[in-house]
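Trainee: below are the sequence and a predicted model for it; my questions follow.
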Amino acid sequence: MLNFFREHSRTIIRLTSNQFGAAFLAIALGLAVPSENMQLLFWTSIFSVGFILYLNHTVVWEEGAKSRIRVDAGRERYNPLTGLWIGIIASLPNIILGVLTAVGFFLGNPEGLLGWSFAAKLSDITGAIAFLWQGMYIGIIRYIFPTSTYIYLAVPIPVILGCFASYWMGLRQWRLIKQKKKTADKK
C-alpha cells in the first residue's frame, strides 16, 4: 500500500487540493446566497459538486492515460481498479470525518442507548470540520437531508466513483468530449 501511495502521491495530492478549492468555492457561493433561498443554495451546491468532479476527472483521466502507455510498453500491470484506490485514498479525510461524525452522533445521542456527552462533542466538532471541508455538499445536504447526520458517510461516494470512472476512461483512451484533430498548414 505504501508503494501504491508513492506511485500515485502527486495525483492524490492534486485531488486533495481540488477538494480544498471546490470547498472554498462552494462556501464563497453559499455566502452569496440569501439564507432563505434554499433552492439557490442547492443549485450552487450542485454546481460545486460538478466542479470538483470535473477537476478530478481531468487529473485522474490523465493518470489513466499515462498508465495505458506504461501497460502497452509492458512496464506496468493492467489494473482498472487503480482509479478506485486513488479515489479512496484521496477521500480518506472525508471518510474519517464522516465516520467520526456518525459514530459520535450515534453514541452521543441523548435519546439513544448510551448518550455519552464526549461522543456528542466529538460529533459536533467533526461535523463542523466536515461542514467546512465538504462545503460543496452542504447545499444538497441542507435541502434534501436537513436533519440527517449519517449523510456524511455518503459524501465521499461521488468522488470515489468519479475517480474510478475517470481512470478507467483514461485507461481506455475515451474522452467525454471529442477533440478536433489539428491539421498542419500546408505551404
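Mentor: Yes, it's here. Only a predicted model underlies this, so the values are computations on that prediction, with no experimental measurement involved. Residues are numbered from 1 along each chain as shown.
Trainee: where exactly do the helices run in the chain?
Mentor: Ranges of helices within the chain are 2-7, 9-32, 38-72, 82-90, 92-108, 117-133, 138-144, 157-172, based on DSSP state H.
Trainee: now the terminal residues of stretch 142-156, how far apart.
Mentor: 17 Å (C-alpha to C-alpha, to the nearest Å).
Trainee: ok, and what's touching that stretch?
Mentor: 38-39, 41-42, 45, 88, 91, 94-95, 97-99, 101-102, 105, 123, 127, 130, 134, 137, 141 (C-beta atoms under 8 Å, 6 or more residues apart in numbering). Every residue, glycine included, has its C-beta placed from N, CA and C.
Trainee: and that stretch, which residues are buried?
Mentor: The neighbour-count check on stretch 142-156 (16 or more other C-beta atoms under 10 Å) flags Thr149, Ile151, Tyr152, Leu153, Val155, Pro156 as buried.
Trainee: quick check: mean pLDDT of that stretch?
Mentor: The average pLDDT for stretch 142-156 rounds to 89.
Trainee: going forward can the numbers begin at 746, since that is how I track them
Mentor: All set: I'll call the first residue 746, so the last point we hit is now stretch 887-901.
Trainee: how far out from the middle of the chain is that stretch?
Mentor: Mean C-alpha position of stretch 887-901 versus that of the full chain (C-alpha atoms, centre = their mean, to the nearest Å) differs by 15 Å.
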